[in-house]
Structures are given as C-alpha cells and as structure tokens.
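Chemist: Predicted model, plus sequence, below.
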Amino acid sequence: MHSQRRELERGIDVAYDVNTIFQIAGIGIIVAMIHTVLKQMDKEDWAHWVTLIGFVVVLYMVATIIDDLFQKIRSVFLFQ
Amino acid sequence: MIIEIVQLVGFGLIATFLILIIKEHKPVIALSLTLAAGAMMFLFILTPLQSAVELIRTLSGQAGIKSMYIETLLKIIGIAYLAEFGAHIARDAEQDSIASKIELAGKMVIIMLAIPIFQVLIETVLALLPGSA
C-alpha cells in the first residue's frame, strides 16, 4: 500500500511537471508569434501589451511552482 | 530509481531545448522557463530526499542525540539549498551581484543558526577546563 501511494504521487508529479513546462514554452512561442505579426501590421503598442500579458501569465505559473517548491523544502528541512 | 534518473535527465534536456528555442524571441519567458524547470527538478529530487531525512531523524532519535542539533543541521542544509537555488537563478539572468548578495545572506543566516551550538560547545570546553569558576 505504501509503494502504491508513492507510485501514485510520482505519477502525479510527472504529469504536472512536463505539461507545465510545455505550457510555458507554448505560451512563449505563441506570444513571440503574435508579437511578430502585430509588428508587421505596424501595431507596436499592441505587440508590447501582448508581450506583457504573456509574461504575467507565465510569471503566475512559475510563481505557483516556486511556492510549491518552497513549501516542500520547508516541510522537509525546516519542519514547520 | 533508474527510471527516475532517466526521467529527470530527459526532463532537463526537453527544458533545455525549449529554452534554446524561446531565447531568440523572448529572453524573459526563457528565463521564467529556466526557473520553472529548475524548481520542478528540485521538487523531483526532494521527494526521495524526504524519506532519507526522515530516516536520519528517526536514527538520531534512537541514538539519543538532542533534537536541537539535528534540527539545526537540517535547517542549515535547507537554507544552503535555497540560497544556492536563488543564486543560480540570479546568475542565469546575468545578475552576478544579486547572486552574491543572496549567497552572502545565506551564509549569514547559517552563522546565526549555528551560534547556539557554538555557544554550547564553548560552555562545554570551559566546563572541562580546570580552575574555571
């Protein structure tokens, strides 16, 4: 039962991890694409807004992961 | 364990290639990706490490070592990992001065944590010395 639980936890970890990485990379590529297209259409200010919003979304995801990591480190090493 | 290391290395390689692709167009998002990949790999290796730390804690409890010492030691290890992580992220963003400040702060906190143990050590040595009142 113990090993089963560990297996389950690992499975969840793997799914969460790779999906999130691909999501962030996808957001980056799509934002770069939209940026290029808007620049071609002479809409520089719109392009900058798109970049900013994409960055905020990515930053939110990254912040969630970092928070996860810090909580985990706290629970492993500083036991609180 | 073998499968886990394969997963970890594969994960790192995937993240590296994605970062290489994105870095040309959006360096900031590439840096965020670095941060996320680093944090996830750390989370990956932290799960097995947790059982090792539990073992150390159990063994030290059975050996009758004061929990204060092991607790401080583990805290120091955790702080070292955290400071290292932050410093590497700052260095990846080519902010070397911020990175060295993070490392400095980590060292300071570690010294602060070590002070009580050091105090106990000095008191023990003083008690051993003959003629000390």
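Modeler: That came in fine, so what should we check first? Residues are numbered from 1 along each chain as shown, chains lettered A, B, ... in the order given.
Chemist: ok, now which ones touch residue A:69?
Modeler: Going by CB atoms under 8 Å, 6 or more residues apart in numbering or on different chains, residue A:69 touches B:39, B:42-43, B:46. Yep, even glycine has a C-beta here, placed from its N, CA and C like the rest.
Chemist: Just put those in TSV and tack on pLDDT, distance to chain A and neighbour count.
Modeler: Converted to TSV, those look like this (pLDDT from 0 to 100; distance: CB to the nearest CB, whole Å; neighbours: other CB atoms under 10 Å in any protein chain shown):
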residue	pLDDT	distance to chain A	neighbour count
B:39	89	4	24
B:42	87	6	21
B:43	87	5	17
B:46	85	5	17
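Chemist: Which of these fall in helices?
Modeler: Secondary-structure check on the contacts of residue A:69 using DSSP state H: residues within helices are B:39, B:42-43, B:46.
Chemist: okay, now the nearest residue to residue B:76 once chain neighbours are set aside: neighbour count?
Modeler: On the basis of CB to CB, 6 or more residues apart in numbering or on different chains, the spatially nearest residue to residue B:76 that is not a chain neighbour turns out to be residue B:110, at 5.2 Å. Taking other CB atoms under 10 Å in any protein chain shown as the criterion, the count of residues near residue B:110 is 16.
Chemist: residue contacts, residue B:110?
Modeler: Residue B:110 sits next to B:76, B:79-80 when contact means CB under 8 Å, 6+ apart.
Chemist: Kindly reformat the ones in helices among the contacts of residue A:69 as TSV containing distance to residue B:32.
Modeler: TSV is the format used below for the ones in helices among the contacts of residue A:69 (distance: CB to CB, whole Å):
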residue	distance to residue B:32
B:39	11
B:42	16
B:43	16
B:46	21
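Chemist: List the buried residues for whatever helix or strand residue A:60 lives in?
Modeler: Using DSSP states H and E, residue A:60 falls within helix A:44-77. Within helix A:44-77, the residues that qualify as buried by neighbour count (16 or more other CB atoms under 10 Å in any protein chain shown) are A:47, A:50-51, A:54-55, A:57-58, A:61-62, A:65-66, A:69, A:72-73, A:76-77.
Chemist: got it, and stretch B:68-87?
Modeler: With burial defined by 16+ other CB under 10 Å, the residues of stretch B:68-87 counted as buried are B:70-83, B:85-87.
Chemist: who are the neighbours in contact with the nearest residue to residue A:18 once chain neighbours are set aside?
Modeler: Nearest in space to residue A:18, with sequence neighbours left out and distances taken as CB to CB, 6+ apart, is residue B:11 at 6.6 Å. Residue B:11 is in contact with A:17-18, A:21, B:37, B:40-41, B:44, counting by CB under 8 Å, 6+ apart.
Chemist: Using CSV, list the CA coordinates for the helix or strand containing residue B:11.
Modeler: Following DSSP H and E, the helix or strand that holds residue B:11 is helix B:2-25. Output for helix B:2-25, consisting of C-alpha atoms alone and laid out as CSV, is shown next (Å, rounded to 0.1, in the frame of the first residue of the first chain):
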residue,chain,number,x,y,z
ILE,B,2,16.9,4.1,-12.6
ILE,B,3,13.7,5.2,-14.2
GLU,B,4,13.6,8.3,-12.1
ILE,B,5,17.1,9.4,-13.2
VAL,B,6,16.1,8.8,-16.9
GLN,B,7,13.0,10.9,-16.4
LEU,B,8,15.0,13.6,-14.7
VAL,B,9,17.6,13.8,-17.4
GLY,B,10,15.0,13.7,-20.2
PHE,B,11,13.1,16.4,-18.5
GLY,B,12,16.2,18.6,-18.3
LEU,B,13,17.0,18.0,-21.9
ILE,B,14,13.5,18.9,-23.0
ALA,B,15,13.6,22.1,-20.9
THR,B,16,17.0,23.0,-22.4
PHE,B,17,15.8,22.7,-26.0
LEU,B,18,12.6,24.6,-25.3
ILE,B,19,14.6,27.4,-23.6
LEU,B,20,17.1,27.5,-26.6
ILE,B,21,14.2,27.9,-29.0
ILE,B,22,12.4,30.6,-27.0
LYS,B,23,15.5,32.5,-26.0
GLU,B,24,15.9,34.0,-29.5
HIS,B,25,12.4,35.6,-29.4
